[in-house]
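Student: Pasting a predicted model and its sequence here:
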Amino acid sequence: MAAPKKLPVWVNAGLIPLINLMAAFAISAVVILAVGENPIEAAGHILYGAFGFGEGIGYTLYYATNFIFTGLAVAMAFHCFLFNIGGEGQAYIGGLGIGLVCLYMGNLPFWAILPLAVMGGALFGGLWALIPAYLQAKRGSHIVITTIMFNFIASSVMTFLLVDWLKKPGSQLPETRHFAEAAFMPKVHEMLASVGLDVARSPLNLSFLIALLCCLGVWIFIWRTRWGYEIRASGKNPKAAVYGGISPSKAIILSMCISGALAGLVGLNELMGVQHRVVVNFTNGYGFVGIAIALMGRNHPLGIIFASLLMGALYQGGAELAFEMPTLTSDMIWTIQGFVILFTGALEHMFRPQLERIFIKSDSEGEVYE
Amino acid sequence: MDFLITILQLIDGTIRVSTPLILAALAGLCSERGGVIDIGLEGKMLGAAFVAATVAYMTGSAWLGLLAAIAASVALSLIHGFASITHHGNQVVSGMAINIIVAGLAPTIGNAIFHINGDTPPLPHAARFTAIDLPFAASLADVPVIGPVYSGVISGHSFTTYLAFALVPFVAWMLYKTRFGLRLRAVGENPEAVDTAGVSVQWLRYRAVMIAGVLCGIAGTSLSTSLGASFIRDMTAGKGYLALAAMIFGKWRPKTTLLACLIFAFTDTLQARLQGVELPVVGEIPVQFIIMLPYALTVFLLAGFVGKVVAPAADGEPYIKEH
């Protein structure tokens, strides 16, 4: 078999995802045409809705926060060659951890609640990922299937808890009472107002900064620590890793737990930032979108930030779009996401042969052939 | 006597509910026996349900709905094949992508056609696959024992249900008794050997995913034109994943998979009946626990607590031909 040809880094990490993304958008445009709307006009509404005014930008960043958490989670597992489809369930259960901290330690000041809530979310999300991780590491149960099953189990467990145990007394809705005000994540517009800056109101809150810190943390962990090295090594080649004195089981469990912990932090943004209580299905598919984010961002924190901004813009711009063109609802945004996953993920190599022909030929010109 | 009638009603319900599960699980089985993982059962079923309801509503014919649904589902499986067989893409990612695309696309198109929030209008009686009374069902109904079983449980299901049950032995025959089946199983275990024998791995795998497409098409049709009477957004509600679980529970074999589907369908039927019912000893079981039973069972099975599970050796492995 021919040795895999090496493409320049900017082609591999920049041009290929971009071309794939354009292909996904092109197919989406065809769908928009098919339902009788103008795709260029639709793109205009999305762009304006996402970036055209202060509140829109705030919303874009607020959605991006969720995607950074879930995207990092999927990427973390990918570095160990594990496919964590359970981000949705881990985020849901992580939200339970955050909710319990906020509900039962609400009398503490915010600076004390925040680290506890981060720990609560990370712990619950991480533990929810631990079981599939353990089964994969020790019993060889396929992680894709077990994490899918755990999404369903998480959904049942949470409905049960919210309906039977945590429900606000006297209420019919499956949701908890509101958190104490000390457990509200400060909004960015409030924080900036206190230093005299006036920005538009939006749900964007402190957890965006926490998400960015997580990106930095993941980068350091993956590429600058021994554990990160062990995870990457056993992901690339478990047998070679064993000869290097690395335990693949440990790497699997470690990367999955951190993955679950990252997904578990979605609740910081959704529950502490916006809902101020635990509600049914607050994860809203963000865990699944994390797969698209990690694929688009090539499992690198920087790429994940870009991909999250793009997807956040698509979500927020999509809301504007639904307002302007009622035929194109959030379903259309969901469709576009699907195409993005298809082209940047499953079909990522589709355009590679052509690009190899273009770039490798021009690179090797003038070289002496043996 | 009341107890017996309840049991018979439960069995009747189980058979009805198991229809899409059986078809989708058989679809997954054919695809994975050929070495292509199919997470996209959910999406194919949902797409087929939408197309079946739409075409049946527009033409007034359930049969045209069925044909169109099969065509749509096969088209989706060809996308899956294109990504995972031709381009060696990640099969799990491709399946997920199909699920997400259909979850968005079906209501988008539905909304553009019918303007009722992505659903289709209720189907008229003639545009559905409705209950078929088997011969003598009415006259035998009063006969003790045979009557309730034959008329109450066996008779009175729709065409898709009978088809689903008939397809189980058919798929088993195809897999184990035909040359095609032998090759299909071989390509899921050891594609190099098949290639060496001069048989095209790609074409075999394409046929495997297309069979899965046909079966998912029938599964989706049964959801929207037989069990239900219209397309409702997200009406598969995880049945594709449940079918996947049933296939694993059945250890990638048709008859055991059928059994797993029946167990899962039974828990579903039971769950609907047990809502708010006080049971002796245990008291009222929260519905959520019965709902999650199939998923928990599957995890237990995969963990090796219920015997050994061995997937086809080349399941999920793209085959890259060496030159």
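Tutor: That came in fine, so what should we check first?
Student: and the longest helix for chain B?
Tutor: helix B:2-33 (DSSP state H).
Student: how far is that one from where the chain is centred?
Tutor: 10 Å (Cα atoms, centre = their mean, to the nearest Å).
Student: Any part of that helix near chain A?
Tutor: No - Helix B:2-33 stays clear of chain A (Cβ under 8 Å from any Cβ of the partner chain), getting no nearer than 11.2 Å. For every residue, glycine as well, the C-beta is placed using N, CA and C.
Student: can you pull the buried residues of that helix?
Tutor: Neighbour-count burial for helix B:2-33 flags B:10-33 (criterion: 16 or more other Cβ atoms under 10 Å in any protein chain shown).
Student: what do you get for stretch B:310-323?
Tutor: So for stretch B:310-323, counting by 16+ other Cβ under 10 Å, buried means B:311, B:312, B:314, B:315, B:316, B:318, B:319.
Student: How about the contacts made by the third one?
Tutor: The reference is to residue B:314. B:35, B:187, B:188, B:189, B:190, B:191 (Cβ atoms under 8 Å, 6 or more residues apart in numbering or on different chains).
Student: Could you do residue B:103 as well?
Tutor: Residue B:103 sits in contact with A:331, A:334, A:338, B:43, B:46, B:234, where contact means Cβ under 8 Å, 6+ apart.
Student: circling back: can I get the buried residues of stretch B:310-323 in JSON lines including pLDDT and secondary structure?
Tutor: Output for those, formatted as JSON lines (pLDDT from 0 to 100; DSSP: H, G, I helix; E, B strand; the rest coil):
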{"residue": "B:311", "pLDDT": "81", "secondary structure": "coil"}
{"residue": "B:312", "pLDDT": "86", "secondary structure": "coil"}
{"residue": "B:314", "pLDDT": "86", "secondary structure": "coil"}
{"residue": "B:315", "pLDDT": "86", "secondary structure": "coil"}
{"residue": "B:316", "pLDDT": "82", "secondary structure": "coil"}
{"residue": "B:318", "pLDDT": "86", "secondary structure": "coil"}
{"residue": "B:319", "pLDDT": "85", "secondary structure": "coil"}
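Student: show me the contacts for the residue nearest to residue B:5 when sequence neighbours are not counted.
Tutor: Nearest non-adjacent residue to residue B:5, counting by Cβ to Cβ, 6 or more residues apart in numbering or on different chains: residue B:148, 7.3 Å away. By Cβ under 8 Å, 6+ apart, residue B:148 lies in contact with B:4, B:5, B:8, B:141.
Student: so where's the stretch 1-150 of chain B uncertain?
Tutor: B:1 (pLDDT under 70).
Student: scratch that, the stretch 151-300 of chain B is what I was asking about
Tutor: For the stretch 151-300 of chain B, the ranges with pLDDT under 70 are B:275-284.
Student: Run through the residues of it sitting next to chain A.
Tutor: By Cβ under 8 Å from any Cβ, the part of the stretch 151-300 of chain B that sits against chain A consists of B:233, B:238, B:241, B:244-245, B:248, B:286, B:288-289, B:291-292, B:295-296, B:298-299.
Student: Can you flag the buried ones in those?
Tutor: Buried, going by 16+ other Cβ under 10 Å: B:233, B:238, B:241, B:244-245, B:248, B:286, B:288, B:291-292, B:295, B:298-299, out of these.
Student: In TSV, list these along with secondary structure.
Tutor: Shown next, in TSV, are these (DSSP: H, G, I helix; E, B strand; the rest coil):
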residue	secondary structure
B:233	coil
B:238	coil
B:241	helix
B:244	helix
B:245	helix
B:248	helix
B:286	coil
B:288	helix
B:291	helix
B:292	coil
B:295	helix
B:298	helix
B:299	helix
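Student: residue boundaries of the strands in the stretch 1-150 of chain A?
Tutor: Shown for the stretch 1-150 of chain A, no strands are assigned by DSSP state E, counting those that start in this stretch.
Student: and it, which residues reach chain B?
Tutor: A:1-2, A:31, A:34-36, A:83, A:85, A:131-132, A:135, A:139-142, A:144-146, A:148-150.
Student: how does it look with 10 Å?
Tutor: With Cβ under 10 Å from any Cβ of the partner chain as the criterion, the stretch 1-150 of chain A meets chain B at residues A:1-2, A:24, A:27-28, A:31-32, A:34-37, A:83, A:85, A:131-132, A:134-136, A:138-150.
Student: tally of neighbours for residue A:112?
Tutor: 12 (other Cβ atoms under 10 Å in any protein chain shown).
Student: quick one: contacts for it?
Tutor: A:105, A:182 (Cβ atoms under 10 Å, 6 or more residues apart in numbering or on different chains).
Student: And the average pLDDT for stretch A:40-55 is what?
Tutor: Per-region confidence: stretch A:40-55 scores 93 on mean pLDDT.
Student: try stretch A:354-370
Tutor: Mean predicted confidence for stretch A:354-370 is 64.
Student: just the CA coordinates of the strand or helix carrying residue A:157, formatted as CSV?
Tutor: For residue A:157, the enclosing helix or strand under DSSP states H and E is helix A:143-160. Coordinates of each C-alpha in helix A:143-160 appear next as CSV, following Å, rounded to 0.1, in the frame of the first residue of the first chain:
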residue,chain,number,x,y,z
ILE,A,143,-18.0,2.2,24.2
VAL,A,144,-20.2,3.5,21.4
ILE,A,145,-23.1,1.2,22.4
THR,A,146,-22.7,1.6,26.1
THR,A,147,-22.6,5.4,26.0
ILE,A,148,-25.7,5.4,23.8
MET,A,149,-27.4,3.2,26.3
PHE,A,150,-26.2,5.4,29.1
ASN,A,151,-27.8,8.4,27.4
PHE,A,152,-31.2,6.7,27.6
ILE,A,153,-30.6,5.6,31.2
ALA,A,154,-29.6,9.1,32.2
SER,A,155,-32.7,10.5,30.7
SER,A,156,-34.9,8.0,32.6
VAL,A,157,-33.0,8.6,35.9
MET,A,158,-33.3,12.3,35.6
THR,A,159,-37.0,12.2,34.8
PHE,A,160,-37.5,10.0,37.7
